[in-house]
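1. Mind folding the following:
(chains A, B, C and D)
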Protein chains: 2
Amino acid sequence: MATMADVARSAGVSVATVSHVLNGTRPVSPGTRRAVLDAVDALGYTPNTLARSLVTARTRSIGLAVSAISNPYFTAILQGVETAALEAGYGLLLADPHDDPLHEREVARLLHERRVDGLIVAPSARPDELVDYLSRHAVPTVFLDRLIDPPGSGDGAAAAAATGAPFFDQVCAESAEPTARLVAHLAGLGHRRIGLIAGLPGLSTTRERVTGYLDGLAAAGLAHDDRLLLSGSSESAGAERATATLLALSDPPTALVTANNAMTLGALRVLRRHGLSVPRDIAVCCFDDFPWADLFSPRLTAIAQPSRELGTRAVRLLLDRLAEPGRPSRTVRLPCAFVHRTSCGCPEEATPSEAAERTASSALPKIPPEPPSEKGTAS
Amino acid sequence: MATMADVARSAGVSVATVSHVLNGTRPVSPGTRRAVLDAVDALGYTPNTLARSLVTARTRSIGLAVSAISNPYFTAILQGVETAALEAGYGLLLADPHDDPLHEREVARLLHERRVDGLIVAPSARPDELVDYLSRHAVPTVFLDRLIDPPGSGDGAAAAAATGAPFFDQVCAESAEPTARLVAHLAGLGHRRIGLIAGLPGLSTTRERVTGYLDGLAAAGLAHDDRLLLSGSSESAGAERATATLLALSDPPTALVTANNAMTLGALRVLRRHGLSVPRDIAVCCFDDFPWADLFSPRLTAIAQPSRELGTRAVRLLLDRLAEPGRPSRTVRLPCAFVHRTSCGCPEEATPSEAAERTASSALPKIPPEPPSEKGTAS
DNA sequence: AACGCTTGCGCAAGCGTTTACGCGGGGTCA
DNA sequence: TGACCCCGCGTAAACGCTTGCGCAAGCGTT
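-> Numbering: from 1, shown residues only, chains lettered A, B, ... in the order given. As a prediction, this is how the structure comes out:
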């Protein structure tokens, strides 16, 4: 493989000059520049970024560690990250922590050893090891989707605080309020027994969605029945079990809220298996919209997260931090959209076209288009 | 950041010894080993793979360039690749060529500049630039999903042949026969006008599925009507247009085959928009199964590709090539499964459980469980 | 004519590893 | 006791790039 020295020799200049031509880091006479450029493509020279990174101490690449890549939600995030990164001239290193604390730490190490400039991570439910590793090695990181306990409550945070380093940046979607809204909607339709299939315990998203669920019940003046709140472990199989349990109750729920799309899938499977019709026999609303949601029958009423933007925001946060390491850390929360369809029990709109569908939700109080909240949480 | 020199100093040994301890590349006395290891985690030392790669000339990372990451099919591939790579101790660099020939070439360059050991690419419809780049720079590559013209017909191939380098390895799913099978199934149900929404012209997958479609028609003794074969450009919007065109025909098809899942989506949208009921008004079969396909109503009869295995096979092929650069190139074709559900017009099974559904397809001639064909295509 | 300034470039010291050599000391064998 | 070997380790030269420093030539001043 041709190196810079080869190019230099072939162009009759020094390697320094070649470097400067290629990077535009200092003026070079037109003649020399031509000679170099010609040599470059005569030899088919490709710069070796490894060597470059070794001296500059930056790789212009970021690591992405998210579990369950197959989830359309994460996929959209991935897309957002990919485009934003590429746009900024950054490469993307991917790794799957498999939602396991140890694996997660290993994956962070792998990425760090490859000297990514920063990391974007959707942490697991027990991220202590991870946070510990990241703060010990001062790896610039933004947490995605799931929030980490604020500084002062965890080991890693303490370590970070001790070194005076800012805590991590974070970005996620608003979860509580939209979930409450789903519950309110169902309650408004007359439902009194509304079940929730929640996610993995320990995740901030789970906590917030449960909170939203309870808030929604309270706001509607409904009593909370413990037996109606089950964990579906954030995945399809768990949701199947939870749904089956709910249906076996002596007084099963008349409406169901599912807390992410994998669990929606599981719940729907079980409902079908029991020969129940949605929304006639049981209404369903889900957190997490997805591309197929409008093709089910009934079409699924859902909360749509700004998944793609979550990804781009994460990248932006990271790049900001890289540019200015000392800045106070930020937590960005993006608003969700209520996508009103028919699985909640509301009648199909007159014109079942996409356009009509979008405006349908305006019958309900609109989420104000305020800019996403950004609050500094410098420790 | 601590370097090997720091560790060496702290342990009172030379950097060479540290290196050998860390890599196990030569025997070291237990005492020294301990000292080094202790120093390592006292300092929180993390090896710099950049420096290592610079001297070893391998990065232990592979590049993955696939478009449309959001497609569940590619997502499954991605998962396969990720796990297989990690298992072999390889990192994964991701880039999206956006199905564009130029972008594709750029992405390959980006990955190559980062010195990935090899590349896995799902090439676009016009991969000449890409192939050219790859063979000029001798980047070990396996093509995924879409096949490249065999050597002797293209520029890149010619270049490769000229340098005596083997042509690229490839892996894809069987396309023609399963598509024919879909058509045969529909014809068997009495359909005489069967439409095909095909993919992007130029893709091998498109070619093969069209071939399969025509074969299926011929085998059923049906005449081929040009107007029933439209391109949906491999994506949802294109399929919507194509479907609308089909429905506007004076004698529209009574059955539809869609050639990938994005197009299935588009087609279904349009059918719904036109108030058509599947399969009563029109039957639908699709190439490309996906996780939600059994929750639609009707449940979609589809060809399931072994997507995940496609990914793992690609990695295996690549690693084999890296281990033995001179080996003749191989093309691996994996068989698909016919998943029989109800959108074709067949009645729902007695027990609509998962188990019953799986066995349902055994009513039809089974695809023999022969090992995937691997034929050498050394140029 | 001497001076300084600008312009255009080369020299060489790293960046953090791996690895071919080589060297001293202790054991084994004749 | 000397020859030999092996064991355990250090020395130093790469790997391919960036970048601070400095030099020579050409120009416009006084």
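2. So A:Gly275 lies in a helix, does it not?
-> No - for A:Gly275, which was evaluated using DSSP: H, G, I helix; E, B strand; the rest coil, the result is coil, with no helix membership.
3. Would you map out the domains in chain A?
-> Each domain of chain A is listed here as a residue range: A:4-56, A:61-173+A:307-335, A:176-288, per automatic domain parsing.
4. and A:Val257, what are its phi and psi?
-> Its backbone dihedrals place A:Val257 at phi -120, psi 130, with angles given as degrees, to the nearest 10.
5. Ok, A:Leu64 next?
-> A:Leu64 has phi and psi values of phi -120, psi 120 when expressed as degrees, to the nearest 10.
6. Do I have it right that A:Ala84 meets A:Gly311?
-> Yes - counting by Cβ atoms under 8 Å, A:Ala84 does reach A:Gly311; the two are 6.6 Å apart. (Each C-beta comes from the backbone N, C-alpha and C, glycine too.)
7. which ones are touching A:Ile120?
-> Taking Cβ atoms under 8 Å, 6 or more residues apart in numbering or on different chains as the criterion, A:Ile120 is in contact with A:62-66, A:81, A:141-144, A:314-315, A:318.
8. Kindly report the same for A:Leu230.
-> A:Leu230 touches A:Gly195, A:Leu196, A:Ile197, A:Ala198, A:Ala242, A:Thr245, A:Leu246, counting by Cβ under 8 Å, 6+ apart.
9. In terms of helices and strands, where is it?
-> A:Leu230 belongs to strand A:229-231 when assigned by DSSP states H and E.
10. C-terminal to that strand, which secondary structure element comes first?
-> On the C-terminal side of strand A:229-231, the nearest following helix or strand under DSSP H and E is helix A:236-247.
11. Contacts made by that following helix with the rest, please.
-> Where contact means Cβ under 8 Å, 6+ apart, the residues beyond helix A:236-247 that reach it are A:195, A:197, A:227-228, A:230-233, A:252-253, A:256, A:258, A:262-267, A:269-271, A:274, A:276.
12. Let's see that with 6 Å instead.
-> Surrounding helix A:236-247, the residues in contact under the criterion Cβ atoms under 6 Å, 6 or more residues apart in numbering or on different chains are A:195, A:197, A:230, A:232, A:252-253, A:262-263, A:265-267, A:270, A:274.
13. Over to stretch A:272-286?
-> Taking contacts as Cβ under 6 Å, 6+ apart, the residues outside stretch A:272-286 that touch it are A:182, A:186, A:247, A:255-258, A:264, A:298, A:300-302, A:343-345.
14. Can you give me the pLDDT of A:Ile367?
-> On the pLDDT scale, A:Ile367 is placed at 38.
15. Next: the one 5 residues further on.
-> A:Pro372 carries a pLDDT value of 45.
16. Kindly report the same for A:Leu295.
-> You'll see A:Leu295 listed with a pLDDT of 87.
17. Likewise for A:Asp6?
-> Predicted confidence (pLDDT) for A:Asp6: 97.
18. Just the CA trace of the host helix or strand of it, in PDB.
-> Here A:Asp6, judged by DSSP H and E, is contained in helix A:4-11. This file holds the C-alpha atoms of helix A:4-11, laid out as PDB (Å, rounded to 0.1, in the frame of the first residue of the first chain):
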ATOM      1  CA  MET A   4       3.100   9.300   2.100                       C
ATOM      2  CA  ALA A   5       6.800   8.700   1.600                       C
ATOM      3  CA  ASP A   6       6.100   7.000  -1.700                       C
ATOM      4  CA  VAL A   7       4.000  10.000  -2.800                       C
ATOM      5  CA  ALA A   8       6.700  12.400  -1.600                       C
ATOM      6  CA  ARG A   9       9.400  10.500  -3.500                       C
ATOM      7  CA  SER A  10       7.400  10.300  -6.600                       C
ATOM      8  CA  ALA A  11       6.500  14.000  -6.500                       C
END
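19. quick one: is it near chain B?
-> No - applying Cβ under 6 Å from any Cβ of the partner chain, one finds helix A:4-11 out of contact with chain B, separated by at least 13.0 Å.
20. For the domains of chain A, which has the smallest mean pLDDT value?
-> Note on those: lowest mean pLDDT is at domain A:61-173+A:307-335, with a mean of 89.
21. what's the offset of that domain from the middle of its chain?
-> From the chain centre to the centre of domain A:61-173+A:307-335 is a distance of 10 Å (Cα atoms, centre = their mean, to the nearest Å).
22. Could you tell me the end-to-end distance of it?
-> Its first and final residues considered, domain A:61-173+A:307-335 spans 29 Å by Cα to Cα, to the nearest Å.
23. how about it, does it reach DNA strand D?
-> No - using Cβ under 7 Å from any atom of the strand as the criterion, no contacts between domain A:61-173+A:307-335 and DNA strand D are found, and the smallest distance is 13.3 Å.
24. before we move on, the earlier item: so does the following helix or strand past the helix holding A:Asp6 get close to DNA strand D?
-> The element immediately downstream of helix A:4-11 (helix or strand, assigned by DSSP H and E) is helix A:15-23. Yes - using Cβ under 7 Å from any atom of the strand, helix A:15-23 reaches DNA strand D at A:Val15, A:Ala16, A:Ser19, A:His20, A:Leu22, A:Asn23.
25. Convert helix A:15-23 to CSV, retaining C-alpha atoms only.
-> What follows is helix A:15-23 as a C-alpha-only set of coordinates in CSV (Å, rounded to 0.1, in the frame of the first residue of the first chain):
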residue,chain,number,x,y,z
VAL,A,15,6.6,14.1,3.3
ALA,A,16,5.8,17.3,5.1
THR,A,17,4.8,19.0,1.9
VAL,A,18,2.6,16.1,0.9
SER,A,19,0.9,16.3,4.3
HIS,A,20,0.3,20.0,4.0
VAL,A,21,-1.0,19.7,0.5
LEU,A,22,-3.4,17.0,1.6
ASN,A,23,-4.6,18.8,4.6
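26. ok, and what's touching it?
-> Judged by Cβ under 6 Å, 6+ apart, the contacts made with helix A:15-23 from elsewhere in the structure are A:Met4, A:Ala5, A:Val7, A:Ala8, A:Arg26, A:Val28, A:Arg33, A:Val36.
27. all strands in the stretch 51-200 of chain A, in order from the N-terminus.
-> A:61-65, A:91-95, A:118-121, A:141-144, A:169-173, A:194-198 (DSSP state E, counting those that start in this stretch).
28. Of all those strands, which one comes closest to DNA strand C?
-> Comparing the strands of the stretch 51-200 of chain A against DNA strand C with Cβ to the nearest atom of the strand, the closest turns out to be strand A:61-65 (16.6 Å).
29. which other helices and strands contact that closest one?
-> For strand A:61-65, the packing partners by 3 or more Cβ pairs under 6 Å, 6 or more residues apart in numbering or on different chains; DSSP states H and E come out as strand A:91-95, strand A:118-121.
30. Quick check: the gap between the closest residue to A:Pro201 other than its chain neighbours and DNA strand D.
-> If you skip the residues right next to it in sequence, A:Pro201 has A:Ser231 as its closest partner in space, 6.1 Å away by Cβ to Cβ, 6 or more residues apart in numbering or on different chains. Computed with Cβ to the nearest atom of the strand, to the nearest Å, the distance linking A:Ser231 and DNA strand D is 51 Å.
31. Over to A:Leu102?
-> Using Cβ to the nearest atom of the strand, one obtains 31 Å as the distance from A:Leu102 to DNA strand D.
32. one step back: among the contacts of stretch A:272-286, the buried ones, what's the ChimeraX command?
-> Applying 16 or more other Cβ atoms under 10 Å in any protein chain shown to these leaves a buried subset, and the ChimeraX line that selects it is:
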select /A:182,186,247,255,256,257,258,264,298,300,301,302,343,344,345
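33. Count the residues that sit near A:Leu203.
-> Each residue near A:Leu203 was counted by other Cβ atoms under 10 Å in any protein chain shown, and the total is 24.
34. got a list of what it touches?
-> In this structure, A:Leu203 makes contact with A:Ala125, A:Arg146, judged by Cβ under 6 Å, 6+ apart.
35. and the residues of helix A:15-23 next to DNA strand D near DNA strand C, which?
-> Residues of the residues of helix A:15-23 next to DNA strand D in contact with DNA strand C (Cβ under 7 Å from any atom of the strand): A:Val15, A:Ala16.
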